[in-house]
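Chemist: make a model of this:
(2 chains)
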Amino acid sequence: MQEEVINIKSVSKVFKTEKGQCIQALNSVSLRIKENDFICVVGPSGCGKSTLLRITAGLEQASSGHVLYRGSLVTRPDRRLGMVFQEYSLLPWRTVLDNVGLGLEFAGKPVKYCREIAFKYLELVGLENFASSYPYELSGGMRQRVAIARALANDPDVLLMDEPFGALDAHTRIILQKELLNIWEANRKTIVFVTHSVDEAIYLSDRIVVMSAGPGSIKEIIDVNMPRPRDRANPAYGKLSARILDMLEEEVASQGKNHKQYRREVI
Amino acid sequence: MTKAKQGFLISLIIPLIFVVVWWVCALRVNNPVILPEVKQVFALLSKPTENLISMGSLLSNILVSLIRVMVGYIFAVIVAIPLGIMMGYYSLVFNLFNNFLGLFRPIPPLAWVPLVLAWFGVASFATLFGVEEGQLYIWLSNLKLSMIFIIFVGAFFPILTSSIYGVRSVNKTLIDSAQVLGANNRDIFRKILLPAAAPSIVNGMRIGLGVAWMCLVSAEMLPGSISGVGYLITHAYTIAHTDVVIAGMISIGVVGALLDCLFRVFETRKFKWQRLSR
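Modeler: Now for the predicted structure:
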């Protein structure tokens, strides 16, 4: 029996705009995530999926409801809950190696130890030759590899990923998806992965959480029972993809009807 | 020819034309009080250690001016950077100070002169520290509080504004990612905010030094002043030595440009990442 790692309990989030209007981004979202799960969250843009992830990471507070991590309330960021952002999360004035060792540095480990561990994780993502380079010298895909290595170097229990491949070209994206699966199979972290790509969700995850917008809530949770590595040519793959795309299309259509309801995606 | 050499040669064209025009105009005007000849001014500049109109050498006057500017400037740096960082980081501090300081920002440093004279008169650092004789007295008495204040005001606002801006424009994702990696507030301040804001702060320091140097002449026109390039210029003007005036102006320009250049070299070396990121 897998242990429950994260328990999101009827989380709602209301934002106030500068004009003082209230916008409901999330409405009573509940989700349980077990150890070693690889979960993808997909949904139309503005459905609050990033907000949900940020609340889970402790970067934002829920307006009502709460998130439990292994039974304790999440109120602020915790190094056991690692996070990978879409882009621009590396410190541009630090070398790749010192970026990867950042979390260990914050934990008060000696510099030599930080660099040693950081190098190990750079090897894991295949960038050991770029240890002394600066982020601006790397391509977008390499930067995201560094960001993943940095999150892993902190040895978190859960990895929260906020569209980490969203800014990459299609080819690089597919390569990084494969690499991420390899890493996950070796490390068996619990991963919550937010994406707007249905294909990415099916390729990667055990379960797909489909969200609807206006306000953001969970529409359906779909188990993906295909063995890995998944074959995009498999008919079941295509069927599932079509099914989820249909669901999202419905969402967008219904959004169009009542577009008076504002929604806003944060970040 | 390399690109750098070519660029250097191109940059010489306009100054050369300028000198030629000056040369021709001086010959036509034929009155050294209105426009002295080029060679007359360059003769003064080529002997910077020679005594000028019984006011000491050009070099020693530049040195006095530089020390004055540096003292006022360092005070401005010490006050403006911490204040700017606090204002950029805590909206409470920002709201507390911003409107108040905003009232002083548009006042040109020169407009402070009457008040500053009323407050400080001819008091100098020598008065402040109670030194009344000796070599030390001569040095300290050159640092009039009124001048230091004017220079301080000039340098203060550019440094303050860019410190606030530097801290405020730090990419939020950097702070978020440091937080999820387990950074505490001190880590975020030292390892994220400060290095990220540093290029903007240093840029403000560069502009502030430029303004401080520009305020010099108005500061050295104050009573009690007996040295410095600014005073040299005003004194030379009263005795119709236009060549000394122009030599002084050129010195101010050259020293100011050199200071700016030093900062630029530092910036391009230290903050290469900023230029190359994105």
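
Chemist: determine the longest helix present in the chain.
Modeler: Went with chain A since none was named. When chain A is parsed with DSSP state H, its longest helix is helix A:235-257.

Chemist: nope, chain B please
Modeler: helix B:58-89.

Chemist: the residue nearest to residue A:183 when sequence neighbours are not counted: how many residues sit nearby?
Modeler: Distances taken as C-beta to C-beta, 6 or more residues apart in numbering or on different chains put residue A:124 closest to residue A:183, at 6.6 Å, once the chain neighbours are dropped. All C-beta spots, glycine's among them, are computed from the backbone N, C-alpha and C. Using other C-beta atoms under 10 Å in any protein chain shown, residue A:124 has 20 neighbouring residues.

Chemist: next: the one 4 residues further on.
Modeler: By the criterion of other C-beta under 10 Å, residue A:128 has 14 neighbours.

Chemist: so how far is chain B from it?
Modeler: Using C-beta to the nearest C-beta, to the nearest Å, we find residue A:128 at a distance of 21 Å from chain B.

Chemist: circling back: give me the distance from the longest helix of chain A to the chain's centre.
Modeler: Centroid displacement of helix A:235-257 relative to its chain, using C-alpha atoms, centre = their mean, to the nearest Å, is 21 Å.

Chemist: identify each buried residue in it, please.
Modeler: Neighbour-count burial for helix A:235-257, with 16 or more other C-beta atoms under 10 Å in any protein chain shown as criterion, is recorded at A:237, A:240-241, A:244, A:247-248, A:251, A:255.

Chemist: ok, the residues you listed vs residue A:67, which is closest?
Modeler: Nearest to residue A:67 among the buried residues of helix A:235-257: residue A:251, at 24.3 Å, using C-beta to C-beta.

Chemist: just to revisit the earlier point, what's the mean pLDDT across the longest helix of chain B?
Modeler: Mean per-residue pLDDT for helix B:58-89: 92.

Chemist: and it, what other elements does it pack with?
Modeler: Packing contacts for helix B:58-89, counted by 3 or more C-beta pairs under 8 Å, 6 or more residues apart in numbering or on different chains; DSSP states H and E, involve helix B:91-104, helix B:145-168, helix B:194-220, helix B:229-238, helix B:242-270.

Chemist: quick check, residue A:231 in a helix?
Modeler: No - according to DSSP: H, G, I helix; E, B strand; the rest coil, residue A:231 belongs to no helix; its state is coil.

Chemist: surely it meets residue A:238?
Modeler: No - at 10.2 Å, residue A:231 does not count as touching residue A:238 under the criterion of C-beta atoms under 8 Å.

Chemist: in the stretch 51-200 of chain B, what residue comes closest to chain A?
Modeler: Residue of the stretch 51-200 of chain B nearest chain A, by C-beta to the nearest C-beta: residue B:182 (3.3 Å).

Chemist: before we move on, what SS does that residue have?
Modeler: Applying three-state DSSP: residue B:182 is coil.

Chemist: tell me the buried residues in stretch B:238-252?
Modeler: The neighbour-count check on stretch B:238-252 (16+ other C-beta under 10 Å) flags B:241-248, B:251-252 as buried.

Chemist: equivalent analysis for stretch B:88-98, please.
Modeler: So, applying 16+ other C-beta under 10 Å, buried residues of stretch B:88-98: B:88-89, B:93-94, B:97.

Chemist: what's in contact with that stretch?
Modeler: Under the criterion C-beta atoms under 8 Å, 6 or more residues apart in numbering or on different chains, residues B:83, B:86-87, B:163-168, B:189, B:193, B:197 lie in contact with stretch B:88-98.

Chemist: only whichever of the residues you listed are buried, select them in PyMOL.
Modeler: To isolate the buried ones among those in PyMOL, judged by 16+ other C-beta under 10 Å, type:
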select buried, chain B and resi 83+86+87+163+164+165+166+167+193+197
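
Chemist: in which helix or strand does residue 118 reside?
Modeler: With no chain named, the answer covers chain A. Using DSSP states H and E, residue A:118 sits in helix A:111-124.

Chemist: not what I meant, chain B
Modeler: Going by DSSP H and E, residue B:118 is part of helix B:113-120.

Chemist: following element in sequence after that helix, please.
Modeler: Sequence-wise, the next helix or strand downstream of helix B:113-120 (DSSP H and E) is helix B:125-129.

Chemist: buried set for that next one?
Modeler: Going by neighbour count (16+ other C-beta under 10 Å), the buried part of helix B:125-129 is B:125-127.

Chemist: near chain B, which residues of the stretch 51-200 of chain A? Just list them.
Modeler: A:57-59, A:76-79, A:81-83, A:85, A:87-89, A:91-93, A:102-103, A:105-107, A:134-137, A:147, A:150-151, A:154, A:160 (C-beta under 8 Å from any C-beta of the partner chain).

Chemist: now, which of the residues you listed lie within helices?
Modeler: With DSSP H as the criterion, helices contain A:57, A:102-103, A:105-106, A:147, A:150-151 from among those.

Chemist: closest one of the residues you listed to residue A:173?
Modeler: residue A:147 (14.4 Å).

Chemist: please tell me how far that closest one sits from residue A:161.
Modeler: Separation of residue A:147 from residue A:161 (C-beta to C-beta, to the nearest Å): 9 Å.

Chemist: got any ranges where the stretch 151-278 of chain B has weak pLDDT?
Modeler: Applying pLDDT under 70 to the stretch 151-278 of chain B flags residues B:278.

Chemist: what parts of it come near chain A?
Modeler: With the criterion set to C-beta under 8 Å from any C-beta, the stretch 151-278 of chain B comes near chain A through B:171, B:173-174, B:176-184, B:187, B:191-192, B:195-196, B:271, B:273-274, B:276-278.

Chemist: just the buried ones among these, please.
Modeler: Neighbour counting over these (16+ other C-beta under 10 Å) leaves B:173-174, B:176-183, B:187, B:191-192, B:195-196, B:271, B:273-274 as the buried ones.

Chemist: report the distance from stretch B:107-122 to the chain centre.
Modeler: 18 Å.

Chemist: next one: stretch B:3-15
Modeler: How far stretch B:3-15 lies from its chain's middle: 26 Å, per C-alpha atoms, centre = their mean.

Chemist: contacts for that stretch next, please.
Modeler: Under C-beta under 8 Å, 6+ apart, the answer for stretch B:3-15 is an empty list.

Chemist: okay, and for the stretch 1-150 of chain B, where does confidence drop off?
Modeler: For the stretch 1-150 of chain B (pLDDT under 70), the answer is B:1, B:54.

Chemist: re earlier: got the contact list for the residue of the stretch 51-200 of chain B closest to chain A?
Modeler: Residue B:182 touches A:77-79, A:103, A:106-107, A:154, counting by C-beta under 8 Å, 6+ apart.

Chemist: tell me how far the closest residue to it other than its chain neighbours lies from residue B:108.
Modeler: Leaving aside its sequence neighbours, residue B:182 sits nearest to residue A:79 (C-beta to C-beta, 6+ apart; 3.3 Å). Plainly put, residue A:79 is 52 Å away from residue B:108 if you go by C-beta to C-beta.

Chemist: between these two, which one's more packed in?
Modeler: More crowded of residue A:79 and residue B:108, by other C-beta under 10 Å: residue A:79, with 18 against 12.

Chemist: okay, now residue B:14: neighbour count?
Modeler: Look at residue B:14: counted by other C-beta under 10 Å, it has 9 neighbours.

Chemist: much appreciated, bye for now.
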